[in-house]
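Novice: what's the 3D shape of this:
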Amino acid sequence: MPSDIMEMKASGQNNSQDELKTSADDLLTGAGKANNGGGAAGDKVAWAKIPIDDALGRLNATRDGLTQDEADTRIAKFGPNALPQTTRNPFKIFMGFMWNPLSWCMEIAAILAILLQDYADFGLILFLLLLNATIGYVEDAQAGNAVAALMGQLAPQSKAKRDGEWKNVPACDLVPGDVVRIRLGDVVPADVKLLEGDDMKIDQASLTGESLPVTKRQGDEAYSGSIVKQGEIEAVVHSTGVNTFFGQAANLIDQTESSGHLQQVLTTVGNFCIISITLWVVIELAEQFGHRDPKPTCVWGDCGTLNNILVLIVGGIPVAMPTVLSVTMAIGAQQLARKDAIVTRLTAVEELAGMEILCSDKTGTLTLNKLSVDKTNLVPYNGHTAKDIMYDGALAARLENNEPIDVCIHESCDERDELWEKHTLLHYTPFDPVTKKTVAKIKDNATGKVFRTAKGAPQVILALDPNVDKAAVDDKILEFANRGYRALGVARSEDGECALADCKWEMVGLIPLFDPPRHDTAETIRRANALAIDAKMITVDQPATPKRPAHHRRHPTTHHHNPSYH
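Specialist: Here you go, the predicted model:
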């Protein structure tokens, strides 16, 4: 097998994502979720780890796809590739906003007002009840679009192989075992396992929070709702609808029934009012019928005892409190909606106001994500020069991928204009979170010599060269971090013809990268602190790297370091 193909197969999938995946029952056993908005094959199968042929076997599928009859059978068994649609009775939803302790008290008061023919009080109480229920109902109806907004990210059409031919198939009609083709710009229509083909770049930021597109290779897994940024490949569907990674997240939003903190407070207040009112009503009745003589009499529209009870109920509950709170939170929900936030329930506004800790990413959030190279602080090793560092670093960059680090390194190389006139790129291995480096296989056009260059995380590059002084390099990396720089390692191998695993590498040097903070970061952190919100910076950089820019941003410098990221 050619070494380039071996390089493509050498990469694995991030285990943390595999642990988040949940599949339904095994297709081979005939189990499945019929008409529930999706299906999956395999009992908690780590699809990214098993061989392609094994995956096809579990799915009872081939590289030629399914027949239309088989697809119809499976869609009847697993249901459509969509989130389950639940229809709620609007009347029940509306009445539900009048089913709570405070509303119960107001409803009893309204009944008493009718018995006493006090129509003014009855009309006022009924108005407040209906106003509060109407506000809650309207906001709930608007929040009901949250799941619909998530579903809108699913691809409406897909290219699937049916009866041996490529056909345009609605994404909702895909089933486990379908073979689909995804290419640049496509939204992945279901959770799939990639078949044979070239590497791809897939943006799954909306699912996992990763800021950069992730490299996917044959055998890897791609998630529904992610976007293809580079490449084209065929893939086999293994999970659809609510059983996809995306579907589970959207379904959790739809199924959430837990009451918020404000609702708990209102329930507590309501229960206290009920107990208090009940106690005083008992005292009133005991006084009226136990000790008073003669006993009070009641006629239609005139009853002193009922009048007293009505006063106790109306005076014992904050009649306008639910309405005032609903109006206040509705205004907050509208303000959040203007900022493209989805408010699934009104009480979430109060919970957001009670936030105590704000966790923020560093790159591109607190910083501008505009990298620059400090050429005056390049550190060469093994007899190389500063020029060699930038030259080999630029050879290991791929400008058309438009990745920030690649663009920065390429544009910082003085010989960038003649770089690819003198060399030919034979194979390129893009960066991914597992290997943490890029590798380029290069041919010198003048001599025909083939060699490799690599750039990536300094610890990864350092581990490639057994002869370099590791302590000195670590000290320099820490020095860069203390000065707010992000170090990038560069290495070179003259063994271009052998397999990648057999290459002998030599470290060329370190490149210091600087990413300046955003102009509004300091003000944002200051305002958060003024609101008693403790802001935390989340980053996988060296512990010292975020500390220096944090001082300029007045950002807390507490850093929880996880060495597994380096």
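
Novice: going forward, measure contacts between C-alpha atoms and count neighbours the same way
Specialist: Noted.

Novice: Any idea which residue is closest to the centre of the protein?
Specialist: By CA atoms, centre = their mean, the mean C-alpha position of the chain lies nearest to L207, the distance being 3.8 Å.

Novice: Now that one: closest residue in space, sequence neighbours ignored.
Specialist: Of all residues not flanking L207 in the chain, F246 sits nearest, at 6.8 Å (CA to CA, 6 or more residues apart in numbering).

Novice: after whichever strand or helix holds I525, next one along is what?
Specialist: Taking DSSP states H and E as the criterion, I525 maps to helix 521-530. As assigned by DSSP H and E, the chain's next helix or strand after helix 521-530 is strand 534-538.

Novice: still on that earlier bit, what's the neighbour count on the residue nearest to L207?
Specialist: For F246, the neighbour count with other CA atoms under 10 Å is 26.

Novice: Thought S239 was touching it, still the case?
Specialist: No. With contact defined as CA atoms under 8 Å, F246 and S239 do not form a contacting pair (10.4 Å).

Novice: What average pLDDT does the helix or strand containing F122 get?
Specialist: Using DSSP H and E, the element containing F122 is helix 119-143. Averaged across helix 119-143, pLDDT comes to 80.

Novice: can you check stretch 366-382 too?
Specialist: Rounded mean pLDDT across stretch 366-382 is 87.

Novice: Unless I misread the structure, C273 falls within a helix.
Specialist: Yes. When classified by DSSP: H, G, I helix; E, B strand; the rest coil, C273 is found to be part of a helix.

Novice: How many neighbouring residues does the closest residue in space to N377 that isn't next to it in sequence have?
Specialist: Excluding its sequence neighbours, the residue lying closest to N377 (CA to CA, 6+ apart) is P512, at 6.8 Å. Residues contacting P512 under the criterion other CA under 10 Å number 23.

Novice: and if you look at T376?
Specialist: T376 has 9 nearby residues by other CA under 10 Å.

Novice: That one should be in a helix, yeah?
Specialist: Yes. Membership of T376 in a helix is supported by three-state DSSP.

Novice: how close does it sit to L462?
Specialist: 21 Å (CA to CA, to the nearest Å).

Novice: try S412
Specialist: Distance from S412 to L462, by CA to CA: 22 Å.

Novice: between those two, which one's more packed in?
Specialist: Neighbours were counted for S412 and for L462 using other CA under 10 Å; L462 has more, 25 against 18.

Novice: residues in contact with that one?
Specialist: V468, K470, V473, G489, M507 (CA atoms under 8 Å, 6 or more residues apart in numbering).

Novice: Quick check on those: which are buried?
Specialist: Among these, the ones that count as buried by 16 or more other CA atoms under 10 Å are V468, V473, G489, M507.

Novice: returning to what we had before: what strand or helix carries the residue nearest to N377?
Specialist: With DSSP H and E as the test, P512 turns up in strand 506-514.

Novice: Same check on K193?
Specialist: strand 191-194.

Novice: Mind giving me the packing neighbours of the helix or strand that that strand is followed by?
Specialist: Note on strand 191-194: by DSSP H and E, the next helix or strand toward the C-terminus is strand 200-203. In this structure, strand 200-203 packs against strand 214-216, strand 227-230, with contacts taken as 3 or more CA pairs under 8 Å, 6 or more residues apart in numbering; DSSP states H and E.

Novice: in the stretch 251-400 of the chain, what spans have low per-residue confidence?
Specialist: 251-260, 291-302, 319-320, 323, 340, 342, 344-345, 363-364, 400 (pLDDT under 70).

Novice: For it, which segments are assigned as helices?
Specialist: 261-286, 304-316, 321-338, 347-353, 386-395 (DSSP state H, counting those that start in this stretch).

Novice: A171 versus L56, what's the distance?
Specialist: Counting by CA to CA, the gap from L56 to A171 is 20 Å.

Novice: what about G315, neighbour count?
Specialist: The local packing of G315 (other CA under 10 Å) involves 12 other residues.

Novice: hang on, the earlier thing: and the angle from the helix holding I525 to strand 534-538?
Specialist: 140 degrees (axes from the mean of the first three to the mean of the last three CA atoms, to 10 degrees).

Novice: buried stuff in helix 521-530?
Specialist: Residues T521, A522, T524, I525, R526, A528, N529 are the ones in helix 521-530 that count as buried (16+ other CA under 10 Å).

Novice: mind showing which ranges of the stretch 451-566 of the chain have poor pLDDT?
Specialist: For the stretch 451-566 of the chain, the ranges with pLDDT under 70 are 539-566.

Novice: Which other helices and strands does the strand holding K193 contact?
Specialist: Strand 191-194 is packed against strand 221-222, strand 232-239, with contacts defined by 3+ CA pairs under 8 Å, 6+ apart.

Novice: quick one, which of the ones you listed is nearest to N60?
Specialist: strand 232-239 (10.6 Å; CA to CA).

Novice: what is the mean pLDDT for the closest one?
Specialist: For strand 232-239, mean pLDDT rounds to 89.

Novice: just to revisit the earlier point, what's the angle between the helix holding F122 and helix 304-316?
Specialist: Using the same axes, to 10 degrees: helix 119-143 against helix 304-316 is 40 degrees.

Novice: and helix 119-143 with helix 321-338, angle?
Specialist: Using the same axes, to 10 degrees: helix 119-143 against helix 321-338 is 30 degrees.

Novice: Now do the buried residues in helix 119-143.
Specialist: 121-122, 125-126, 128-137, 139-140, 143.

Novice: swap in stretch 380-399?
Specialist: For stretch 380-399, by 16+ other CA under 10 Å, it's 380-381, 386, 388-399.

Novice: One more: stretch 159-175?
Specialist: So stretch 159-175, judged by 16+ other CA under 10 Å, has buried residues K159, A160, K161, R162, W166, V169, A171, C172, D173, L174, V175.

Novice: Okay, and which of those map to strands?
Specialist: Among the buried residues of stretch 159-175, the members found in strands (DSSP state E) are K159, A160, K161, R162, W166, V169.

Novice: Can you redo the residues you listed as TSV, where the extra columns are distance to V281?
Specialist: Formatted as TSV, those follow (distance: CA to CA, whole Å):
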residue	distance to V281
K159	71
A160	71
K161	74
R162	74
W166	76
V169	68
